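**Q** Coordinates for the following, if possible.
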Amino acid sequence: MDEQSVVNSRVLRWLLRALAGLCIGLGAIGIVLPGLPTTPFLLVAAWAAGKSSPALRRRLRAHPHFGPALVAWQDHGAIPRRAKWLAVTLMAASWILLWFSIEHRGVIGLVGAMLAAMAVFLFTRPEPAPPESESRN
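**A** Down below sits the predicted model:
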């Protein structure tokens, strides 16, 4: 992403930077707080940063822990295999808890169908290529 993709409005750039900062903060809290996701907040932060601040976007993409996943998603739509399995496992656990929590089987079926659709989406995304050092072994 280059300077051309940065929005022209100063107010909108400020709002997008504030959104990026808020999402980075919520993502950081999500690392330690169960139930608060990290990844969606970081994806929104990367999008907002790309529209408002090329320097912030570069910093997010260069982050040692989150950067590789952001780069894989933004550049190739790729999701690591471990993340796919973790997401589907947590979705299944959530659905099982829902099964025992409510009696409205229609709601349970609808939620199950949505989670199944999300699982299909996840597993149809490509996986990032291994780093050069791993592919030579």
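**Q** per-domain residue ranges of this structure.
**A** Each domain of the chain is listed here as a residue range: 3-76, 81-135, per automatic domain parsing.
**Q** Tell me which of those domains sits most buried.
**A** domain 3-76 (a mean of 15; mean count of other C-beta atoms under 10 Å). Placement of C-beta: from N, CA and C, glycine included.
**Q** Is Pro54 in contact with Val6, as I believe?
**A** Yes - checked against C-beta atoms under 8 Å, the pair Pro54 and Val6 is within contact range at 6.4 Å.
**Q** on that earlier part again, got JSON lines for the domains of the chain, with mean pLDDT too?
**A** JSON lines is the format used below for the domains of the chain (pLDDT from 0 to 100):
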{"stretch": "domain 3-76", "mean pLDDT": "86"}
{"stretch": "domain 81-135", "mean pLDDT": "88"}
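**Q** Need the three-state assignment for the residue of the chain positioned farthest from its centre.
**A** Relative to the average C-alpha location in the chain, and by C-alpha atoms, centre = their mean, no residue lies farther out than Glu103, which sits at 31.6 Å. On the three-state scheme (DSSP: H, G, I helix; E, B strand; the rest coil), Glu103 is labelled coil.
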